[in-house]
Structure formats: structure tokens, C-alpha cells
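Trainee: Output the structure for:
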Amino acid sequence: MDGYPDRPRRAARQESLREHNLALVARTVLLAPGPPSRADVAARTGLNRATVSRLVAELVAGGLLSEDDPVAAGAGRPATPLRPAAGTVAGLGLEINIDFVGARLIDLAGGVVAERITPGHFRDTDPDEILGLAAHLGQQTLDSAPDVPTAGTALALPGLVRENRLLTAPNLDWHDLDPADVLTRAAPGLGPVTLDNEARLAALAELAADPAASFLYVSGEVGIGAAIVRDGEIVTGVHGFGAELGHLMVDPGGHRCRCGATGCLETVAGTDALLAAAGLPGASMAELAERLVTGEAQARAAVERAAIALGQALAAFVNLVDVPTIVLGNTLAQLTEALRPGIENELRARVLAARWAPPQLRRAAPLTHPALTGAARAALAPVVEDPSAWLSRASGFQHAESTD
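Mentor: Numbers count the residues shown, from 1 in each chain. Below you'll find the predicted structure:
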């Protein structure tokens, strides 16, 4: 059509192939459970050793990968393990929840470069004010690490998110907002901002230990969120609203939920509901755990009731989506062993396939505010998915700095 059909198209295919292979090699190293060698990368990707070596050299020079000291492995040349580079590029995670606003900067190696956490009571607050606070914390966090380029920012919110809009967050009483626009106007230095549901981003943090895992992540806070993960991919449903576990009905005659319905799971097993039932309104989950250790009857009864409700909701979920593992995160993680008997009894009784494929229950990795880590990982995703574009962008930064 342009009069030069062959040469441009052939050149485009070659460049596209290079970008594809560069991304393939980057993902193979960045998402590996342990540091692979060039030979391991070649075996896993199907690329020849020479191509892998050339692409690895480009990624090392661009600050995305680093090399360990060579390791002897039998006869032949020692292998050089490859791993994500530390401190060379980072993603900024932000989170707004009922009881805190936070910012966390994480590099490709998973290290925390800097963070800021502001506790508070943010229910029924002005969205612009709290988003402004998040923007301020984010900018402070970036300013504390001026030598680390940032790929972007992701915001975790406890509500329904679609196409970078917050549709509703009942526990914040926020509805129909464009948080990314507010953040970037308040702090242009945050760069491109994306947002997602808090539980999905917490599940993304959980995936760091096993990038190919399948599980249902259950995030306990004032509300209860969830995320379905299959073979390392988060399953969101057609509209992106999947896994709203906290709004499954477990008690038809129960309390009214902030979503407007009655008897939702989070009115029984959410943090506020649990503490109130235990006679500890306004206390912490650590205080509830202490009461359980001493055998306090009201605390034990509250946890047993929550465990049964969780087990019923989780059994329905497993019957529908067939997940092999249930991971309890955030505040529920602190009570995993106390909740385990009641949840597992319900799973055994209600999951049809329990005899052949009993779902496993485990505690999430010990992370404080895991959605902050997941949000930072989400902000780094463009670097992992398209390292060629990042390397070009980083080269532009370096050129601009050298001419200043």
C-alpha cells in the first residue's frame, strides 16, 4: 500500500521478533523461582544459546538483570546465575483502605526501596482529600529514592474497579470516581497510574513465591475480598468483578451490609464484625488472638461462628470454580489456625469433590499490607512485558541527563 511493501514489513517482523524474544528472556529470568543460567533460559524458551546470550547482555546492560558469580556444575564451563537487578528500576504501589493510606516502592528483585504508611480512619471521608494524601505519600516515597527510575504507579482500592475507574467502594463510601486523574493532578511525578481491586493486588504479591500457582486468595479487612488465581494468572470474570466473596449471603436474617444487602459474609467474618462479636469493638486482631490463647469464651464463639460462615462461603466457591488451595491473607492470616477447624469441617461436608480433591487451606506469606507490594509489582508489569520499550525510555532519560 505504501509502495515499499517488502522491506518495511520484513524489517518490522525482525524488530518485532527481537522485542518478543527480549521479553521472553526477561520474563523467564524475572519470574523464575530461582536464578537460572543462560543454558537454563535457552532450554526453557527454545531459543539458541547465542541468541539468549545476546539478549541477556542487553538486559544486563539496561539494568534489568544482574549476574551472580559463576558456579561450577560438573564438567564444562561454570554457569552464571541470572537474577532480577536490584535498585535499578522500581514500581510504586499505593493503597487506600479503611484504616491506612500507604505507599511502597519495590524494585525488580522484590526489595522494598522506600515506603510511607499513614494510619487513620478513612471511612466516609472526602475522596479528593484522601487521594491527595496518597499522592503526597507517593511523591515523598519517590523523592526518598531519587536515583531509582520508576516505571509507574498502581493504586489498590477495596472496591469494584473497571477501566481505571472506581465504581464503588462500600466500606469507604466512595462511588464513581477517577482516582488516577486526581492522583496525577496532585502529583504529576507519579507517572502513569493504574488501579485495581485490593484483593487482586494482594494475590499478585502472593504469586511472587510461586509464579505458576493456582489458588483462591481471601483478603480479610473490614470487608472481605478475594481473587481467583489459575496457573499464575488472575481470573477476573467478564466484567472484571469476579470473586466478590465478602458479599456472598451466609445469613438471610443477618445484619445489613454496607453494600445494601443483608447477611453478607463480611457482616460475620470481616474485621469489625469479628471484633464486635468478640466484645472487642475498636480493638486489633492481635488482641483478639490473645483472647483466644487465654480461652476467652466470647472471643472463641465469635471466631467459631466466623469460621463456619467462611467455610460455607468457601465451599460454595470451590464447588463453582474448583480451586485447589485457599490462602487466607491480611487480618484473616493472623487467625488461620483458629479458623482452620471450622473452615475445614465445612469444606469436607459441602465440597462435592472433597473426597477426591480436598481443598488445602494455608496462611498467606507474612507480608504487611500485601496489596501495596502487589500494586508495586503491577506498576512494574510493563517493564516485564515489554522490556524493549523500557530500555528505550531509560536510554532517553540517560541522554537527557547527560545533556543537562
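Trainee: Strands along the stretch 1-150 of the chain, start to end?
Mentor: 65-67, 82-84, 90-96, 100-107, 112-119, 150-157 (DSSP state E, counting those that start in this stretch).
Trainee: helices and strands around the second one, which ones?
Mentor: Translated: strand 82-84. Applying 3 or more C-beta pairs under 8 Å, 6 or more residues apart in numbering; DSSP states H and E, we find strand 82-84 packed against helix 6-30, strand 65-67. The C-beta positions use only the backbone N, C-alpha and C, and glycine is treated the same way.
Trainee: Give me the contacts around it.
Mentor: The contact list for strand 82-84, computed with C-beta atoms under 8 Å, 6 or more residues apart in numbering, reads 29-30, 35-38, 41, 56, 64-68, 107-110.
Trainee: can you give me the offset of it from its chain's centre?
Mentor: Centroid separation for strand 82-84 versus its chain: 21 Å, with C-alpha atoms, centre = their mean, to the nearest Å.
Trainee: any idea which of the strands of the stretch 1-150 of the chain is most buried?
Mentor: Using mean count of other C-beta atoms under 10 Å, the stretch among these with the largest mean neighbour count is strand 90-96, at a mean of 29.
Trainee: Alpha carbons of that strand, in PDB - could you do that?
Mentor: Output of strand 90-96 as PDB, limited to C-alpha atoms (Å, rounded to 0.1, in the frame of the first residue of the first chain):
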ATOM      1  CA  ALA A  90      11.100   0.300  40.700                       C
ATOM      2  CA  GLY A  91       7.300   0.300  40.700                       C
ATOM      3  CA  LEU A  92       5.300   2.500  43.100                       C
ATOM      4  CA  GLY A  93       2.400   0.900  44.900                       C
ATOM      5  CA  LEU A  94      -0.300   3.000  46.700                       C
ATOM      6  CA  GLU A  95      -3.200   1.700  48.800                       C
ATOM      7  CA  ILE A  96      -6.100   3.400  50.400                       C
END
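Trainee: what about the closest residue to Thr262 other than its chain neighbours, neighbour count?
Mentor: Nearest non-adjacent residue to Thr262, counting by C-beta to C-beta, 6 or more residues apart in numbering: Arg256, 5.1 Å away. Around Arg256 there are 11 other residues, counting by other C-beta atoms under 10 Å.
Trainee: Residue ranges in this structure under the pLDDT threshold?
Mentor: 1-15, 73-76, 394-404 (pLDDT under 70).
Trainee: Break it into its domains for me.
Mentor: Structurally, the chain divides into domains by automatic domain parsing as follows: 6-84, 90-191, 204-363.
Trainee: Can I get these in TSV including distance to Glu385?
Mentor: Formatted as TSV, the domains of the chain follow (distance: least, C-beta to C-beta, whole Å):
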stretch	distance to Glu385
domain 6-84	6
domain 90-191	11
domain 204-363	13
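Trainee: Figure out which of these is closest to Val384.
Mentor: Nearest to Val384, of all these, is domain 6-84, at 5.4 Å by C-beta to C-beta.
Trainee: give me the element Leu391 is part of.
Mentor: Leu391 belongs to helix 387-403 when assigned by DSSP states H and E.
Trainee: returning to that earlier point: would you format the strands of the stretch 1-150 of the chain as JSON lines with distance to Ala371 included?
Mentor: JSON lines is the format used below for those (distance: least, C-beta to C-beta, whole Å):
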{"stretch": "strand 65-67", "distance to Ala371": "27"}
{"stretch": "strand 82-84", "distance to Ala371": "21"}
{"stretch": "strand 90-96", "distance to Ala371": "5"}
{"stretch": "strand 100-107", "distance to Ala371": "9"}
{"stretch": "strand 112-119", "distance to Ala371": "12"}
{"stretch": "strand 150-157", "distance to Ala371": "4"}
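Trainee: Quick one: closest of those strands to Leu190.
Mentor: Leu190 lies closest, by C-beta to C-beta, to one member of the strands of the stretch 1-150 of the chain: strand 150-157, at 4.4 Å.
Trainee: what's next to stretch 45-65, contact-wise?
Mentor: Here stretch 45-65 makes contact (C-beta under 8 Å, 6+ apart) with 21-22, 24-26, 28-30, 38-39, 41-42, 66-67, 82-85, 88-89, 108, 383, 387, 390-391, 394-395.
Trainee: Going through the contacts of strand 82-84, which ones are buried?
Mentor: Using 16 or more other C-beta atoms under 10 Å as the burial test, the contacts of strand 82-84 include 29-30, 35-38, 41, 56, 64-67, 107-108 as buried.
Trainee: And for the nearest residue to Asp176 once chain neighbours are set aside, the neighbour number?
Mentor: Spatial nearest neighbour of Asp176, excluding adjacent residues (C-beta to C-beta, 6+ apart): Leu167 at 6.4 Å. By the criterion of other C-beta under 10 Å, Leu167 has 16 neighbours.
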